[in-house]
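Enquirer: Prediction below, plus the sequence it came from.
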Amino acid sequence: MNKIVIYPGSFDPVTRGHVEIIKRAAKMFDHVIVAVLVNSAKKPCFSTDERLDMLRLALGNIHNVEIASFEGLLANYCKERKADAVIRGLRAVTDFEYEFQMALTNKKLNPNLETIFLTADSDSMYLSSSMVREVASMGGDISNFVPACVCEKIAEHFGHND
Ligand code: ADP
């Protein structure tokens, strides 16, 4: 059976932690949809197109990974895409409460939908997009935090491309 999983997130921007989760998900499922949430109520740092481009650059070579974007409820998008499950990454106890609440809410909205948590890799469990944005905005070196191919795009965005 063709098992489809959706990995939703802001990916503002994609980090090495996200890529690590996606690679592991791609080994477990037939098809992984990395879905960038477009939320008109939130103002992301990077536009939807920039976030999609960086994900494509970072993941271009994985044959069963699709990069997409969605608006509205995740539970509805999962129905639309006939997804069997949602993947989320868990870094530390701080992620747990929010993730648990979201998983249970999605289950109520779409009872067929499972949420699967993958524990963050010990090398990237400290990483967050917000930390990358903060370091990059001040011209710091982000090469340990994001895939090499997106470093330049992020530096350019903040005007530190020399
Ligand atoms: P959101 O705004 O939905 O939290 P993010 O783009 O920040 O979106 O994260 C998407 C998912 O990836 C979440 O499940 C988050 O916990 C997970 N994640 C974020 N950073 C890491 C990391 N360094 N290692 C593993 N998982 C991560």
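Expert: Alright, I've got the coordinates.

Enquirer: For residue 1, give its distance to the ligand.
Expert: For residue 1, the distance to the ligand under the criterion C-beta to the nearest ligand atom, to the nearest Å works out to 25 Å. No exception for glycine: its C-beta is placed from N, CA and C like everyone else's.

Enquirer: now swap in residue 57 and tell me
Expert: Going from residue 57 to the ligand by C-beta to the nearest ligand atom gives 16 Å.

Enquirer: residue contacts, residue 133?
Expert: Residue 133 sits next to 12-13, 45 when contact means C-beta atoms under 8 Å, 6 or more residues apart in numbering.

Enquirer: go with 6 Å
Expert: residue 45 (C-beta atoms under 6 Å, 6 or more residues apart in numbering).

Enquirer: List phi and psi for it.
Expert: With angles defined as degrees, to the nearest 10, residue 133 sits at phi -60, psi -40.

Enquirer: All further residue positions should be reported with the first residue as 2.
Expert: Right, with 2 as the first residue, what we last looked at is residue 134.

Enquirer: which residue ranges form the helices in the protein?
Expert: Applying DSSP state H to the chain gives helices spanning 17-29, 49-60, 75-81, 94-110, 130-138, 149-158.

Enquirer: between these, which one is nearest to residue 9?
Expert: Nearest to residue 9, of all the helices of the chain, is helix 75-81, at 5.4 Å by C-beta to C-beta.
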